[in-house]
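# just the structure for this:
(2 chains)
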Amino acid sequence: EAQVTQNPRYLITVTGKKLTVTCSQNMNHEYMSWYRQDPGLGLRQIYYSMNVEVTDKGDVPEGYKVSRKEKRNFPLILESPSPNQTSLYFCASTQRGAYNEQFFGPGTRLTVL
Amino acid sequence: AQRVTQPEKLLSVFKGAPVELKCNYSYSGSPELFWYVQYSRQRLQLLLRHISRESIKGFTADLNKGETSFHLKKPFAQEEDSAMYYCALGFTGNQFYFGTGTSLTVIP
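Numbers count the residues shown, from 1 in each chain, chains lettered A, B, ... in the order given. Here you go, the predicted model:
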């Protein structure tokens, strides 16, 4: 089944403890993105990638890192999480092209205490 | 700056009534606009995109460059339309701006 998977789905951690949220897609898509969803703020793009080793900052990149070493994987790294990074995170992938559909993962709910 | 505005956080309509979800964007070039929908306990998914000029589940959206709007419309709302709707502005290279979303409730 063509899909985007994220792990873990739920995570509670403490301030400063490094964590990684994985994202994987099996559709051979060139483009991938990370978003955070917060009440009243909608979805905001954190980082996006157009291909392997090609990444760029989105609207809210502070406090996050990404890597794209393989086409199918796009992990989101929080080196030193803080409570303001408590949010619902979505990964998405897209076939290269301006008008193509983004396929979203199921979301990862992160709580930083 | 490129931005998307959805002025209504919550919208309630009765079943069978027309519904319009507003979206305004701020961009001086030729926009790539989308509507995404998130039903309860489901993933965010594409509803429609302006370039396709399509009608999905009875919804349509017309790009009005003069008013910089891309409002989503349906003539007769159904209960299954209850969901969160996001308008999005996309750029070549995978950069996207989403609005804050409108939660639509269709009252039986």
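# would you mind pulling up the elements that the strand ranked longest in chain B packs against?
In chain B, assigned by DSSP state E, the strand with the most residues is strand B:83-91. If you count contacts as 3 or more CB pairs under 8 Å, 6 or more residues apart in numbering or on different chains; DSSP states H and E, strand B:83-91 packs onto strand A:42-51, strand B:3-5, strand B:32-38, strand B:95-98, strand B:102-107. Placement of C-beta: from N, CA and C, glycine included.
# given it, what are its sheet partners and their directions?
Sheet neighbours of strand B:83-91, with direction, are listed as strand B:32-38 (antiparallel), strand B:95-98 (antiparallel), strand B:102-107 (antiparallel) (DSSP bridges).
# residues in contact with the second one: which ones?
So that's strand B:95-98. Applying CB atoms under 8 Å, 6 or more residues apart in numbering or on different chains, the contact partners of strand B:95-98 are A:33, A:35, A:42-45, A:48, A:56, A:58-59, A:102, B:2-4, B:36, B:86-90.
# number of nearby residues for residue A:49?
Number of residues near residue A:49 (other CB atoms under 10 Å in any protein chain shown) recorded here: 21.
# then residue A:91?
Residue neighbour count, defined by other CB under 10 Å, stands at 28 for residue A:91.
# can you list the strands that the helix or strand hosting it pairs with?
Secondary structure assignment for residue A:91, by DSSP states H and E: strand A:87-94. According to DSSP bridges, strand A:87-94 forms sheet pairs with strand A:31-38 (antiparallel), strand A:102-104 (antiparallel), strand A:108-112 (antiparallel).
# residues from chain A in reach of chain B?
For chain A, the residues in contact with chain B (CB under 8 Å from any CB of the partner chain) are A:31-33, A:35, A:40-45, A:48-50, A:56, A:58-59, A:90, A:92, A:94, A:98-99, A:101-102, A:104-107.
# if we use 7 Å, what do you get?
Residues of chain A lying near chain B by CB under 7 Å from any CB of the partner chain: A:31, A:33, A:40-43, A:45, A:48, A:50, A:58-59, A:90, A:94, A:98-99, A:101-102, A:104, A:106.
# of these, buried ones?
Buried residues within those, counting neighbours by 16 or more other CB atoms under 10 Å in any protein chain shown: A:31, A:33, A:42-43, A:45, A:48, A:50, A:58-59, A:90, A:94, A:102, A:104, A:106.
# closest to residue B:12 out of these?
Nearest to residue B:12 among those: residue A:42, at 19.4 Å, using CB to CB.
# got a list of what that closest one touches?
Shown in contact with residue A:42 (CB atoms under 7 Å, 6 or more residues apart in numbering or on different chains): B:86, B:98, B:99, B:100, B:101.
# repeat the analysis, applying 6 Å as the threshold.
By CB atoms under 6 Å, 6 or more residues apart in numbering or on different chains, the contact list for residue A:42 reads B:98, B:99, B:100, B:101.
# and for residue B:24?
Going by CB under 6 Å, 6+ apart, residue B:24 touches B:5, B:68, B:69.
# quick check: closest non-adjacent residue to the residue nearest to the spatial centre of chain A.
Nearest to the geometric centre of chain A sits residue A:34, at 2.9 Å (CA atoms, centre = their mean). Leaving aside its sequence neighbours, residue A:34 sits nearest to residue A:46 (CB to CB, 6 or more residues apart in numbering or on different chains; 4.3 Å).
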